[in-house]
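Trainee: Would you be able to build a 3D model of this:
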Amino acid sequence: MQHWAPLLLMLVFPVLGSLYQLVNQPTDNVYSLVTPLDQATPFIKYFALPYGVWIFYIYVCIVYFFFKDRPSFYRSILLYTVCALTCYVIYLVFQTTVPRPVVVGDDPFAMLMRFIYKRDQPFNCFPSIHCFSSYMVMRMIWQSPARNRKNVSLITGMSLLIILSTLFIKQHVIMDVIGAIALVEIYNFLFIKLPALHKNKVAAERREFQA
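Mentor: Take a look at the predicted model:
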């Protein structure tokens, strides 16, 4: 039982989800980061499928890290939490929106699109939570000692598909993606790279002193 106890850390996800509902409301000032490239990007309702399975995908990746690379499991929980909380603060002071197209048709993809639009209001777009979390698990597998050609290809491919889906279903714009990637890189450096550099420096100094 004790072996499975760390999985309880994943309870932070519903807590963060509840906090998100508190900030998923329009404010007095709402900005737009839409560029001409975003305007030229077509709306493709079929991308609703990868967008819709996003949170289940993130859960699967983190549980995979739990079994294959425990440090990456803890790092993923940490990075997701600090990135999500940072997003919430940004949403409170710099809220952005993305114009949505009218969804027509009664096919499964059109119905899924309308469900997505109804469930998630067109606010709080920068940075994108879908994008930062998808990029995060991709970043984790890239630097994991458990990486191999298969898991790197699967996680990288699925993460990129979800990131692209945010653009093609007009839920986010390019700046939302860039902001999400920058957020992960900043915290990855602060919480993972920087401590590792310090640890290596201390170890080198210790070896030099012992020599």
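Trainee: pull the longest helix from the chain.
Mentor: Secondary structure of the chain per DSSP state H: the longest helix is helix 70-93.
Trainee: other SSEs contacting that one?
Mentor: helix 12-23, helix 54-68, helix 129-142, helix 174-188 (3 or more C-beta pairs under 8 Å, 6 or more residues apart in numbering; DSSP states H and E). Where you see a C-beta, it was placed from the backbone N, CA and C, and this is true even at glycine.
Trainee: Relative to residue 75, which of those is closest?
Mentor: helix 129-142 (6.5 Å; C-beta to C-beta).
Trainee: Downstream of that closest one, the next helix or strand is which one?
Mentor: Following helix 129-142 in sequence order, the next helix or strand is helix 149-168 (DSSP states H and E).
Trainee: low-confidence ranges in this protein?
Mentor: 1, 198, 201-211 (pLDDT under 70).
Trainee: Work out which residue lies at the spatial centre of it.
Mentor: For the chain, the residue whose C-alpha lies nearest the mean C-alpha position (C-alpha atoms, centre = their mean) is residue 133; its distance is 1.6 Å.
Trainee: Hmm, that residue is touching residue 81, no?
Mentor: No: contact status for residue 133 versus residue 81: not in contact, 10.9 Å apart, counting by C-beta atoms under 8 Å.
Trainee: what about residue 49, how many residues close to it?
Mentor: Residue crowding around residue 49 was assessed by other C-beta atoms under 10 Å; the count is 15.
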